[in-house]
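Asker: Give me a model of this one.
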Amino acid sequence: MKGVFLSILVILSFNLFATHNRAGEITYKQISDLKFEITIITYTATGPGWTADRPDLEIMWGDNTKSILPRVEEVFLPNYYKRNKYVGTHTYPGPGVYQIVVEDPNRNFGVNNIPNSVNTLFSISTTMMINPNIGANNTPILTQAPVDKAAVGQIFIHNPGAFDPDGDSLSYKLTTCRAENGEPIEGYTLPQASNSLTVNEITGDLIWDSPVYPGVYNIAMLIEEWRNGIKIGSIIRDMQIEVYQTDNKPPKISADLNICIQADSLLLYTIKASDPNDDIIKLTANGAPFVIENSAAKFTQTVSNPGYAEAEFEWQTQCDFIRKQPYTLNVKAEDNSSPISLVDIANISISVVGPPVKNLSISSSTNKIDLNWSANYCQNAIGYNIYRKIGSSGFVPKHCQVGVPESLGYTKIAFNQGYESTSFSDIKVSQGHEYCYLVTAVFNDGAEGYASEEVCARLVRGIPTITNVSVLETDETQGKIYVAWAKPTEIEIGEAPGPYQYILYRSEGFYGENLTKIAEFNDINDTIFHDSLLNTKQNPYSYKVEFYNNDPANRFLIGSPHIASSIFLEIEQMENALKININKNVPWVNNSYTIYRYFENTNNFDSIANSNTDTYIDKGLINGKEYCYFIKSIGNYSVEGIIDPIINLSQINCAEAIDTTPPCPPILQAQSICDLVHNQLTWQLPDTCNNDVMYYKIFYSPTLDGKFSQIYQPKGEAREYKHFPEIGMAGCYYMTAVDSFQNESPFSNKVCLDDCSYYELPNVFTPNNDGINDFFRPIEPYYFVEKIDIKIYNRWGQLMYETEDPDINWDGRNFQSGKLVNDGVYFYSCDVYEHRLTGIEIRHLNGFVHVYNSNQVNRPQE
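Answerer: Below you'll find the predicted structure:
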């Protein structure tokens, strides 16, 4: 019997060490809209005593189906590791979010931070989103194996070497290792650290500072994919770290972590490493440059001396490599110390950027500016962005400064679709300005190349240039506006020999929404008009000038400058201040505004401030006093030959500064006056607050969580209010205070009262038809009872009467036989449905009632 028991122990021990799973992950490639190729990578233990193996694995696709995937690759690694690769394809039923899960009962024995790891299921998962709106997607490729070694007391760094082939953004988090159905392992803890164990959510660097105890540890990293701010997938990678006790120190890599290169250039870069123990260092690299399609990256160690090593990285970049996201080169330096080698990792970010647009040229006419350029060197450009600003910036891109920085003041005005789309006509330009342009090539993911050289031009001055729309008089009916323009100086006489004519149009508003002809001018030098009989007090006005070749035999429109409006001043009332808002629509540039205010002591307007923005706040004013303003704008066009400065005036506008500070909220108290059936509310204002209160608002809700409504508006001098509720004394109250400027305070404190219990039953009645106390009824008055449920029994437990009527009105008769009951004691059970603070509540009453009448038969009622 002892031999049998020993055999069982041997078998159990063998099964125990047959466990094998150390680490793993699931990735996928999208083949078509709904078809995917899935790859499972696991790392398992080999060597003496480790016999478990998985020639195939079950996979749960996330759509309630399963499959068995065969192992297609088996690689035996040093230190008793084996890399297993399983591949299969699956077609999903339609768009959706699917969690792919792989489980194995055999997690390896002795993982320090997983309770009873030998009996804990090993699980890895990947979540995918199939959505036609986000396009095709592939998981990131993880180029660094999820198994590593660390030393007690030494900072440990690991990076998964993730590369996303679609250019999606990646983020990294620590998560919990998983068990059955992808659920977190109960009792799992992160490994102990003398300082911290974190992951850089941008680079993916796992930093363990530092391991405390030797042993085997597992961690899980959540790698999330993002596209245009939307999470489109994730991988949970299970990783194993073996920690050893050693005096060895890790090597140190020396390298520039950020490199930028123009596409189709050759990148040559030297990486150096040193070791404090003078160990021999092995330099290796992986990452995006080695796995992207058609890439010919090389990494060659060129120096291997004790304590020092160098390697050359060579990468011939291509136009197809241009994208917004940089590529990551993961460099690993590993020493040869025994029994445990240590490593350092450097993640080198390499940006491959697009070349500049070349040969940008510019030409102009009276109404447009034309741009032309050469097709970009990189033929995978999908189009071109065109940027414009008034005036030159002198911008020359710095190294790796792609696109057009916002700080330059340029605005993107167009996108030309297509590699061969190499011209653009800008018709949204005005006379009098120098316009400057930059053009960039755009690639598949929106990445922009270097900007072109800056080119600038102005429109040919073959049409008039409007310069003034200035308010002369402010009035509702007698308002006046001064309108002026500069005559054309570069008329193409061959096409428009004259004579010439101006036609002036006017509209209310800023943008010429309803233009009406108001004047004609047959002299090219006649460029001033005084417009009158306007409502300049309430309206802005806009003007347009058309320029004609006025030969009766050849009359045609030569051109028209942009519409220009008057300056319209609006005022916002504030506390002891007024905010001046300057509104306009003009083709010139206003550089500054002078604000004028009327002063009663001088009976004149005087300047109070200059502003280079469209707003100004005049502070230190007296509430309730009227102040009047007008604005003088000072501007110019950016070309010579036009009046400079351009000065225009707004209308006069007046307003009062007002009190905008609300009163303090009242301090509210309340109590129920049960015998008088009302709730008494009293309140007071804090001593430190303004007492300018015109009235109060009292709000009420019959229940604790109910909707509040205003029930009363007492005057400012009031300090109490009696509320007589209709359905119950229960309820909640709060108040606000409103001042003379209609500023309303925040809500006061909320006060809640519960209902008074009014419903009581007598203990005797005499149903003898003498007109006195002939009915069993509640003691009056009672209030706020929705209904009751009363049952009255004799002493033998027989039901005599029941009703839901709160008045009861029992006449002393058996409700079944109709006979008068005998004198005696009768018992009742009564549920009273009352309106309380939480709503309808049930209050239970038990009691007895004496019945006295002339019938003295002492027997149970039939």
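Asker: right, and residue 447 touches residue 402 too?
Answerer: Yes. Contact criterion C-beta atoms under 8 Å: residue 447 and residue 402 qualify, at 7.5 Å. Glycine gets a C-beta too; all of them are placed from N, C-alpha and C.
Asker: so what sits against both of the two?
Answerer: Common neighbours of residue 447 and residue 402, counting by C-beta atoms under 8 Å, 6 or more residues apart in numbering, are 353-354.
Asker: where's the residue nearest to residue 760 when sequence neighbours are not counted relative to residue 791, distance?
Answerer: Closest residue in space to residue 760, ignoring its immediate chain neighbours: residue 779 at 4.6 Å, by C-beta to C-beta, 6 or more residues apart in numbering. Separation of residue 779 from residue 791 (C-beta to C-beta, to the nearest Å) stands at 19 Å.
Asker: could you point out the longest strand in the chain?
Answerer: strand 230-244 (DSSP state E).
Asker: Would you mind listing the buried residues in that strand?
Answerer: 232-241, 243-244 (16 or more other C-beta atoms under 10 Å).
Asker: what mean pLDDT does stretch 201-210 have?
Answerer: Mean pLDDT, stretch 201-210: 94.
Asker: how long is it end to end?
Answerer: This stretch, stretch 201-210, spans 19 Å end to end (C-alpha to C-alpha, to the nearest Å).
Asker: From here on, call the first residue 346.
Answerer: With 346 as the first residue, the last one maps to stretch 546-555.
Asker: roughly how far out does it sit from the chain middle?
Answerer: 26 Å (C-alpha atoms, centre = their mean, to the nearest Å).
Asker: thinking again about what came up before, and the residue nearest to residue 1105, what is it in contact with?
Answerer: 1105-1107.
Asker: Which ones among those lie within helices?
Answerer: Judged by DSSP state H, the contacts of residue 1124 include no members of helices.
Asker: With distance to residue 522, neighbour count and pLDDT as new columns, can the residues you listed be given to me in CSV?
Answerer: Converted to CSV, these look like this (distance: C-beta to C-beta, whole Å; neighbours: other C-beta atoms under 10 Å; pLDDT from 0 to 100):
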residue, distance to residue 522, neighbour count, pLDDT
1105, 66, 13, 90
1106, 67, 20, 93
1107, 72, 13, 93
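Asker: now what about the helix or strand hosting residue 1045, what contacts it?
Answerer: Using DSSP states H and E, residue 1045 falls within strand 1040-1046. With contacts defined as C-beta under 8 Å, 6+ apart, strand 1040-1046 is touched by 1011, 1026, 1028, 1052-1061, 1063, 1066, 1068, 1070, 1076-1083, 1089.
Asker: Residue 1072 and residue 1180 touch, don't they?
Answerer: Yes. Using C-beta under 8 Å, residue 1072 is in contact with residue 1180, at 5.2 Å.
Asker: domain ranges for the protein?
Answerer: 347-589, 597-698, 706-803, 810-910, 913-1001, 1012-1098, 1109-1196 (automatic domain parsing).
Asker: Count the residues that sit near residue 786.
Answerer: 29 (other C-beta atoms under 10 Å).
Asker: Tabulate the CA atom coordinates of the one helix or strand it maps to in CSV.
Answerer: Following DSSP H and E, the helix or strand that holds residue 786 is strand 779-787. Presented in CSV, the C-alpha positions along strand 779-787 are these (Å, rounded to 0.1, in the frame of the first residue of the first chain):
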residue,chain,number,x,y,z
GLU,A,779,0.5,91.4,-50.7
TYR,A,780,-0.4,87.8,-50.4
CYS,A,781,2.2,85.1,-49.7
TYR,A,782,1.9,81.4,-50.2
LEU,A,783,3.4,78.1,-49.1
VAL,A,784,2.6,74.7,-50.6
THR,A,785,3.2,71.2,-49.0
ALA,A,786,2.9,67.7,-50.4
VAL,A,787,0.4,65.5,-48.5
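Asker: Report how many residues lie close to residue 1188.
Answerer: Count around residue 1188 with other C-beta under 10 Å applied: 15.
Asker: before we move on, what SS does the residue nearest to it when sequence neighbours are not counted have?
Answerer: Excluding the flanking residues, the one nearest residue 1188 by C-beta to C-beta, 6+ apart is residue 1177, at 4.6 Å. At residue 1177 the chain is in strand, as set by DSSP: H, G, I helix; E, B strand; the rest coil.
Asker: do you know how far residue 1177 is from residue 440?
Answerer: Distance from residue 1177 to residue 440, by C-beta to C-beta: 58 Å.
Asker: same check, this time on residue 1129
Answerer: From residue 1129 to residue 440 the distance is 57 Å (C-beta to C-beta).
Asker: Neighbour count: these two, which is higher?
Answerer: Set residue 1129 next to residue 440 and count neighbours by other C-beta under 10 Å: residue 1129 wins out with 21 against 14.
Asker: Just give me the residue closest to the centre of the protein.
Answerer: residue 574 (9.0 Å; C-alpha atoms, centre = their mean).
Asker: From residue 747, how far off is that one?
Answerer: 21 Å.
Asker: picking up where we left off before, now list whatever residues contact both of residue 1072 and residue 1180.
Answerer: What both residue 1072 and residue 1180 touch, as defined by C-beta under 8 Å, 6+ apart, is the set 1047, 1129.
Asker: re earlier: mind checking which of the contacts of strand 1040-1046 are in strands?
Answerer: Those of the contacts of strand 1040-1046 lying in strands (DSSP E): 1026, 1028, 1054-1057, 1066, 1068, 1076-1083.
Asker: Quick one: buried ones out of those residues?
Answerer: 1026, 1028, 1057, 1066, 1068, 1076-1083.
Asker: Now the two most distant members of those.
Answerer: 1076 and 1083 (22.3 Å; C-beta to C-beta).
Asker: list the contacts for residue 392?
Answerer: Residue 392 neighbours (C-beta under 8 Å, 6+ apart): residue 425.
Asker: Make sure I have this right: it is in a strand.
Answerer: No. Going by three-state DSSP, the assignment for residue 392 is coil, not a strand.
Asker: Which pLDDT value goes with it?
Answerer: pLDDT, residue 392: 73.
Asker: More neighbours: which of residue 1072 and residue 1180?
Answerer: residue 1180 (22 against 12).
Asker: Remind me what the strand or helix carrying the more buried one packs against, helices and strands.
Answerer: Assigned by DSSP H and E, residue 1180 belongs to strand 1169-1181. The helices and strands touching strand 1169-1181, judged by 3 or more C-beta pairs under 8 Å, 6 or more residues apart in numbering; DSSP states H and E, are strand 1130-1138, strand 1184-1196.
Asker: which residues are contacting it?
Answerer: 1047, 1072-1073, 1075, 1099-1100, 1102, 1104, 1106, 1129-1140, 1145, 1151, 1185-1196, 1203.
Asker: Quick check: what element follows the strand holding residue 786 along the chain?
Answerer: As assigned by DSSP H and E, the chain's next helix or strand after strand 779-787 is strand 800-803.
Asker: Burial check on residue 1053, number of neighbours?
Answerer: Residue 1053: 16 neighbours (other C-beta under 10 Å).
Asker: how about it, what does it touch?
Answerer: 1044-1046, 1077, 1079.
Asker: Could I get the pLDDT score of it?
Answerer: 95.
Asker: Phi first, then psi, for residue 688.
Answerer: Phi and psi for residue 688, reported as degrees, to the nearest 10, are phi -130, psi 160.
Asker: same question, residue 634
Answerer: phi -60, psi -20.
Asker: my read: it touches residue 640, true?
Answerer: Yes. The pair residue 634 / residue 640 is scored as a contact, 5.6 Å apart, by C-beta under 8 Å.
Asker: Nearest residue to residue 750 in space, ignoring adjacent ones along the chain?
Answerer: residue 740 (7.9 Å).
Asker: Isn't the one you found up against residue 783?
Answerer: Yes. If you go by C-beta under 8 Å, residue 740 and residue 783 touch, sitting 6.8 Å apart.
Asker: any shared contact partners between those two?
Answerer: Common neighbours of residue 740 and residue 783 (C-beta under 8 Å, 6+ apart) are 749, 796, 799.
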